[in-house]
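# the sequence and its predicted three-dimensional model are supplied below.
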Amino acid sequence: MSNWEILWSARDQFWSGFLSTMEIFGLSVSAAFVIGCGMLYLLEGSRPRLTVPLRVFIDGMRMLPFLILAYLLYYGLPAFDVRLDAWWSGVGALAVYHGCYFAEIFRGARLTFPPGQVEAAKAHGFTKGKMFFRLILPQIVMQTRPLLGNQLIYALKDTAFLVIITVRELTAAANSLSGTYFIPTEAFIVVIGFYWAVSVVMEIIIKQCGRFSAKRGFDHV
Amino acid sequence: MFEKNASEKAMPETAASRTTAPEQIAVSIRHLSKSFDGVEVLRDVDLEVREGDVVTILGSSGSGKSTLLRCINWLEQPDRGSIHIGGQRIGVNDAGRPMPVRELARVRARTGMVFQSFNLWPHLNVLHNVTEAPIHVLGKSKAEAEAHARELLEKVGMSPKADAYPNTLSGGQKQRVAIARALAMQPQVMLFDEPTSALDPELVGEVLSVIKDLSAEGYTMVIVTHEMAFARAVSDQVVFLEKGLIIEKADPETFFTNPSTERVRKFLERDES
């Protein structure tokens, strides 16, 4: 049997690894997006007691290698009697880590948000919450779309780190096959193909969303 | 006057109940003072705007006219003095404390503001710019808000562009949409902050004619402008601000033909030359 035939016969393992990766990715970036939006909302206030620690937290996360965060959640938390299984540690680490990146992307866009639009909202009787969710956030998301797309690809690639904390995802599948049959090159080439295909599909979707925002004049980023 | 307004406050807030009272005061500004970084921008300003009146505020730049206008809906907070809109004090509650945000938003919604730089919300099309606040602030149904918005867009001549996005409109068109958006709140008073100053000269006319139509319909308006001929044509009262003080307050005929202060005479001469 050639190496490729071995891999073909193990296609179920790849497929279940791929599904697991997609599940982790989908869940964690959705959570990260919500976390990013939530943090932006909290940063809206002018209460330094809240905003200063939040900024420190966001910056702290951005300076931390993702792998170390995953380690900390999986191996470090049990010291505080918090036990998450590998899967939830992985999803949690990805969500918080990329949530901070989302928040930072949004914050940058918020800084250049036209103050006149906020005044117009206030003049029309909007209060903070409705103004944020109906007028500010939608524009910020449209405006930062290319950066968000980029961040999604980072998040996809970071799922591969979770092999270290024993999550059974795509890279773990390749790892185990390459170990069993000693065919690392072919096994990893297959995995690269999967990551690449997902990235390409995401790029296409993000581009399509671009039409929606271009119509509203949001494509000069 | 304050007694009368206090009793007004208890009445249900409908457009009808507001307009039936004779000689109702729409906006009352008393002893208003404001400084920015130690520079006094407004000094003890008193101004009353009657229901249905058009008051224009003139003055050179830096005289405090925009600040005065922006105090009316509390976009700027005055240091001293009071502002009542239809008898309801804005910004400060009965206990003399800063108003809770929700209450402030409610009083603000009684005013409609049109900005120099339009400030439309670019992610919403023209129709939704107009319906956004009525639906999400006033709690109107979508159908009701849209029907009203279409009427208003008709009034400002923007019906054909109801589905367009702001980035495809000219400045004059944007400003007309902004006027419809403010009118959709059925405000007690419309505030115009230099509505034509950011427009190409050939687009100024279309916006001024919309405002003129509104004055003919009896809308209460406070307008900061540099358009003298327009001010003369639409105003019931002209106010001249100089270094934060109202130095002239007159009907337009008197103001433009026989002003009582040398400063205003000079200001008008400069405009003619």
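Alright, I've got the coordinates.
# does the nearest residue to A:Val118 once chain neighbours are set aside count as helix, strand or coil?
Take A:Val118 and drop its neighbours on the chain: the residue closest to it by CB to CB, 6 or more residues apart in numbering or on different chains is A:Met131, 6.9 Å away. Where you see a C-beta, it was placed from the backbone N, CA and C, and this is true even at glycine. Using DSSP: H, G, I helix; E, B strand; the rest coil, the structure places A:Met131 in helix.
# how about B:Ile246?
In three-state terms, and counting by three-state DSSP, B:Ile246 is strand.
# again, but for B:Val45
Classification of B:Val45 using three-state DSSP returns strand.
# and it, what does it touch?
Contacts for B:Val45 (CB atoms under 8 Å, 6 or more residues apart in numbering or on different chains) come out as B:29, B:31-33, B:64, B:68, B:81, B:241, B:244-246.
# and the pLDDT at it?
pLDDT, B:Val45: 96.
# what's the local residue count around the residue nearest to A:Val118?
22 (other CB atoms under 10 Å in any protein chain shown).
# so how far is B:Val101 from it?
11 Å (CB to CB, to the nearest Å).
# thinking again about what came up before, give the contact list for the residue nearest to A:Val118.
Going by CB under 8 Å, 6+ apart, A:Met131 touches A:118, A:121-122.
# residues from chain A in reach of chain B?
Counting by CB under 8 Å from any CB of the partner chain, the positions of chain A adjacent to chain B are A:114, A:116-117, A:119-128, A:130, A:134-135, A:138-139, A:142, A:213, A:215-218.
# buried among those residues? Make that a ChimeraX selection.
One line in ChimeraX is enough to select the buried ones among the residues of chain A next to chain B; burial here means 16 or more other CB atoms under 10 Å in any protein chain shown:
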select /A:117,119,120,121,122,123,124,125,126,127,128,130,134,135,138,139,142,213,216,218
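# look up how far A:Ala109 lies from A:Ala103.
Counting by CB to CB, the gap from A:Ala103 to A:Ala109 is 11 Å.
# which of those two has more residues huddled nearby?
Taking other CB under 10 Å, A:Ala103 and A:Ala109 do not tie; A:Ala103 has more neighbours (27 against 18).
# grab the nearest non-local neighbour of the more buried one.
Nearest to A:Ala103 is A:Met39, by CB to CB, 6+ apart, at 3.8 Å.
# can you pull the contacts of that neighbour?
A:54, A:58, A:99-100, A:102-103, A:106.
# surely A:Ala173 and A:Leu19 touch.
No. The pair A:Ala173 / A:Leu19 is not scored as a contact, 10.3 Å apart, by CB atoms under 8 Å.
# stretch A:188-202: how far from the chain's middle?
Stretch A:188-202 sits 17 Å away from the centroid of its parent chain (CA atoms, centre = their mean, to the nearest Å).
# just the CA trace of that stretch, in CSV.
Output of stretch A:188-202 as CSV, limited to C-alpha atoms (Å, rounded to 0.1, in the frame of the first residue of the first chain):
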residue,chain,number,x,y,z
PHE,A,188,0.4,17.0,7.0
ILE,A,189,-0.1,17.8,3.4
VAL,A,190,-3.6,16.6,3.7
VAL,A,191,-4.2,18.7,6.7
ILE,A,192,-2.8,21.8,5.0
GLY,A,193,-5.3,21.2,2.2
PHE,A,194,-8.2,21.2,4.7
TYR,A,195,-7.0,24.4,6.4
TRP,A,196,-6.4,26.0,3.1
ALA,A,197,-9.8,25.1,1.7
VAL,A,198,-11.6,26.5,4.8
SER,A,199,-9.6,29.7,4.5
VAL,A,200,-10.4,30.1,0.9
VAL,A,201,-14.1,29.6,1.5
MET,A,202,-14.0,32.2,4.3
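# now the contacts of A:Met39 as a markdown table including secondary structure, distance to B:Gly52 and pLDDT?
Formatted as a markdown table, these follow (DSSP: H, G, I helix; E, B strand; the rest coil; distance: CB to CB, whole Å; pLDDT from 0 to 100):
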| residue | secondary structure | distance to B:Gly52 | pLDDT |
| --- | --- | --- | --- |
| A:Leu54 | helix | 50 | 94 |
| A:Ile58 | helix | 53 | 96 |
| A:Gly99 | helix | 54 | 98 |
| A:Cys100 | helix | 55 | 97 |
| A:Phe102 | helix | 51 | 98 |
| A:Ala103 | helix | 50 | 97 |
| A:Phe106 | helix | 46 | 97 |
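# now those in CSV, with distance to A:Ala160?
Putting the contacts of A:Met39 into CSV (distance: CB to CB, whole Å) gives the following:
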residue, distance to A:Ala160
A:Leu54, 29
A:Ile58, 24
A:Gly99, 19
A:Cys100, 20
A:Phe102, 20
A:Ala103, 23
A:Phe106, 26
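# top of those by neighbour count?
In terms of neighbours by other CB under 10 Å, the contacts of A:Met39 top out with A:Phe102 at 29 neighbours.
# what does the helix or strand harbouring B:Lys266 rub up against?
Assigned by DSSP states H and E, B:Lys266 belongs to helix B:262-272. Contacts to helix B:262-272, defined as CB under 8 Å, 6+ apart, come from residues B:58-60, B:228, B:240, B:242, B:247-248, B:255-256, B:259.
# out of the residues you listed, who's nearest B:Val92?
B:Gly59 (26.4 Å; CB to CB).
# where does the stretch 151-273 of chain B dip in pLDDT?
Scanning the stretch 151-273 of chain B for pLDDT under 70 picks out B:271-273.
# can you give me the strands for it?
B:189-193, B:221-224, B:237-242, B:245-250 (DSSP state E, counting those that start in this stretch).
# figure out which of those strands is closest to B:Val130.
Set against B:Val130 and scored by CB to CB, those come closest in strand B:189-193, at 14.5 Å.
# quick one: strands adjacent to the closest one?
strand B:111-114 (parallel), strand B:221-224 (parallel) (DSSP bridges).
# pick the most deeply packed of the ones you listed.
Counting by mean count of other CB atoms under 10 Å in any protein chain shown, strand B:111-114 has the highest mean neighbour count of these, with a mean of 28.
# what mean pLDDT does that one have?
Averaged across strand B:111-114, the pLDDT comes to 97.
# repeat that for stretch A:133-149.
The average pLDDT within stretch A:133-149 is 95.
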